[in-house]
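Student: below is the structure, and that's it, no one-letter string:
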C-alpha cells in the first residue's frame, strides 16, 4: 500500500518536472524565434540613425557607468562585499574607455573595422562580471576593506591589461564582413562571456534575492542580446548597431536602478537598526530619549502634557535560573509583543534596558496611563504561555512630576519601585534594596537609586 502511494507521488513529481521543462522549452523557443525575426529585420533595415546620436548614447552610458561605480563603492563601504568592489572598478574603467572613444574623432560609416575601444571595454566588463562571481563564491565578505581596495584594483588592472594585450596582439584589426551571415563575428566573444555571467547570476539568485542581484542578472542578459545584435551590424552605426548601443545603455540603466533600490533598502535597514532594540524590535534607549525630547518641545508649545510609564518584568532572574536564558529572552519578547499591540498608534514603546521597558503616551493624563498599564497587565495574565509573567509599573506625568527627561524618568522609576515594595510587603517578603544594570547611552551603568522617592 505504502509502496503504491510512494510510486504514485514519484510519478506525479516526474510529471511536474516534465511539464516545467516543456514550459521553459516553449518559452525559450518563442524567445529565440522573436529574437531571430528582430535580427533579420535589423540586418535588412535601410534605416541609418544620425551619427551624432551615437555620441549621445555613448556619453549617457559612460555617465551611467560612473554613477553605478559610485553607488557600488558606497555599498561596499556599508557591507564590505567583494562583488560590489570589483564591479565598481570594472564599470568605472569601462566608462572611462567609452568616454575616451567618444572624445576621439568621428569614425566614418564606411569603415569596415570594429572599434577596439568597443571590444576592449565590453570584453573587460564581461570578464569582470564572471571574475566577481568567482571571487564572491569563495570569499564573499572583506575583513580588511582598505587592503581589499588595493587588491581589487590589482585584479581589475590585471584583467584590463590582459584584455587589451589580447586584442592589440591580434595581427589584424577585427573587421566587418557585410556579406557574411555574421558580419561582426568578434562580438560573439563578449556575448559568450556575458552568457556565462548570466547563468552565474541566475544561479546566485537561488541563494540571494536582493534587487542588485536581480539587476545584475538582467544586465548580463541584456548585454548578451546587445552583442548578438551588434554581430549583425554590417557598417558603422546602422540599424543593428544603433539597437545594440541602446541595449548597452539599457543595461546600465537596469544595473544602476538595482543598485539605487538596494542601497535605499540597506540605508532604511541601517536606520531602523540604529533606533530599535535587536531582541524585541521595540525602540531602543536612544530613540526613547529622542521621542521624549520631541514630546517636551510639543508640550511646551501646546501646553498639553504627556505621560511616561516604566514597566519592569517581574522575576526575570528566576525565569532565567529555572528555565534558561532562552526562555527568559522569549519572556521579554512576549512583553514587547503585548506593548506593541495594546498601545495607541501615537504611543512609543521602548526597551529601557535589561528587564525594563518604557511607554511614552502623548497627550495622556495619569488616568489614561494607568488604564493602559492595567490593560497590559491583564493581557499578560491571559496570554496562555508558560511560564506566566507579570510586570510592575510606575507612571510619571508632565509637567506635574518633572519638567525634564531625567526628572520624569526618575519619578516613574520611583513609582515603579514603590509598587514593587508594596507587592513584596503584601507577600510578607519586605522591600529590599538591589542594584540593577540598566542600559543607557550605549553603555552599561549602575545608577544610584538611594535618593529616589518611593511614593509621589
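Tutor: That came through, no problem. Since we're looking at a predicted model, the values are computed, not measured.
Student: what's the first helix or strand after the helix or strand harbouring residue 329?
Tutor: For residue 329, the element it lies in under DSSP states H and E is helix 325-341. Tracing the chain past helix 325-341, the next element assigned as helix or strand by DSSP H and E is strand 348-353.
Student: next, count neighbours for residue 332.
Tutor: Residue crowding around residue 332 was assessed by other Cβ atoms under 10 Å; the count is 21. (Each C-beta comes from the backbone N, C-alpha and C, glycine too.)
Student: touching, it and residue 311? I think so.
Tutor: No - here residue 332 does not reach residue 311: they are 11.3 Å apart, not a contact under Cβ atoms under 8 Å.
Student: and the pLDDT for residue 203?
Tutor: As predicted, residue 203 sits at a pLDDT of 90.
Student: that one and residue 136, how far apart?
Tutor: 12 Å (Cβ to Cβ, to the nearest Å).
Student: quick one, which of the two is more surrounded?
Tutor: Using other Cβ under 10 Å as the criterion, residue 203 and residue 136 rank with residue 136 on top: 19 against 12.
Student: report the central residue of this structure.
Tutor: residue 266 (3.8 Å; Cα atoms, centre = their mean).
Student: how about that one: what's its closest non-neighbour residue?
Tutor: residue 78 (5.8 Å; Cβ to Cβ, 6 or more residues apart in numbering).
Student: and the strand or helix carrying the one you found, what other elements does it pack with?
Tutor: Assigned by DSSP H and E, residue 78 falls within helix 51-79. Packing contacts for helix 51-79, counted by 3 or more Cβ pairs under 8 Å, 6 or more residues apart in numbering; DSSP states H and E, involve helix 82-103, helix 239-275.
Student: name the residues of the shortest one that come out as buried.
Tutor: Within helix 82-103, the residues that qualify as buried by neighbour count (16 or more other Cβ atoms under 10 Å) are 82-99, 101-102.
Student: can you list the weak-confidence ranges in the stretch 301-450 of the chain?
Tutor: Residue ranges of the stretch 301-450 of the chain with pLDDT under 70: 423-450.
Student: quick one: the helices in it?
Tutor: With DSSP state H, counting those that start in this stretch as the criterion, the stretch 301-450 of the chain has helices at 316-323, 325-341, 366-381, 405-426.
Student: chain center to the shortest one, what's the gap?
Tutor: This points to helix 316-323. 37 Å (Cα atoms, centre = their mean, to the nearest Å).
Student: and the angle from that helix to helix 325-341?
Tutor: 130 degrees (axes from the mean of the first three to the mean of the last three Cα atoms, to 10 degrees).
Student: rewinding a little: of the helices and strands packed on helix 51-79, which shows the lowest average pLDDT?
Tutor: The weakest mean pLDDT among those belongs to helix 82-103, with a mean of 85.
Student: what packs against that helix?
Tutor: Counting contacts by 3+ Cβ pairs under 8 Å, 6+ apart, helix 82-103 is packed against helix 51-79, helix 116-138, helix 145-168.
Student: pLDDT of the longest one, averaged?
Tutor: If you average the pLDDT over helix 51-79, you get 88.
Student: before we move on, what about the second one?
Tutor: Here helix 116-138 scores 86 as its mean pLDDT.
Student: could you give the angle of it to helix 51-79?
Tutor: Between helix 116-138 and helix 51-79, the angle comes out at 20 degrees (the same axes, to 10 degrees).
Student: got CSV for the helices and strands packed on helix 51-79, with distance to residue 209 too?
Tutor: Compiled in CSV, the helices and strands packed on helix 51-79 are given as follows (distance: least, Cβ to Cβ, whole Å):
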stretch, distance to residue 209
helix 82-103, 15
helix 239-275, 11
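Student: ok, which of the ones you listed comes nearest residue 316?
Tutor: Comparison of the helices and strands packed on helix 51-79 against residue 316 by Cβ to Cβ identifies helix 239-275 as nearest, at 23.9 Å.
Student: mind listing what's buried in that closest one?
Tutor: 239-260, 262-263, 266, 275.
Student: so what does that helix touch, helix or strand wise?
Tutor: Checked by 3+ Cβ pairs under 8 Å, 6+ apart, helix 239-275 has helix 2-43, helix 51-79, helix 211-230, helix 285-302 packed alongside it.
Student: in the last one, what's buried?
Tutor: Looking back up the chat, that one is helix 285-302. For helix 285-302, the neighbour count (16+ other Cβ under 10 Å) marks 285, 286, 287, 288, 289, 291, 292, 295, 296, 299 as buried.
Student: contact partners for the fourth one?
Tutor: Residues touching residue 288, when contacts are defined by Cβ atoms under 8 Å, 6 or more residues apart in numbering, comprise 348, 350, 352, 358, 360.
Student: how does the chain divide into domains?
Tutor: 48-275, 285-445 (automatic domain parsing).
Student: what is the end-to-end distance of the first one?
Tutor: Spelled out, that is domain 48-275. One end of domain 48-275 to the other measures 57 Å (Cα to Cα, to the nearest Å).
Student: how far off centre is it?
Tutor: Relative to the mean C-alpha coordinate of its chain, domain 48-275 is positioned 22 Å out (Cα atoms, centre = their mean).
Student: kindly report the same for the shortest one.
Tutor: Once both centres are worked out by Cα atoms, centre = their mean, domain 285-445 turns out to sit 33 Å from its chain's centre.
Student: one step back: and among the helices and strands packed on helix 239-275, the most buried is which?
Tutor: Comparing the helices and strands packed on helix 239-275 by mean neighbour count (mean count of other Cβ atoms under 10 Å), helix 211-230 ranks first with a mean of 23.
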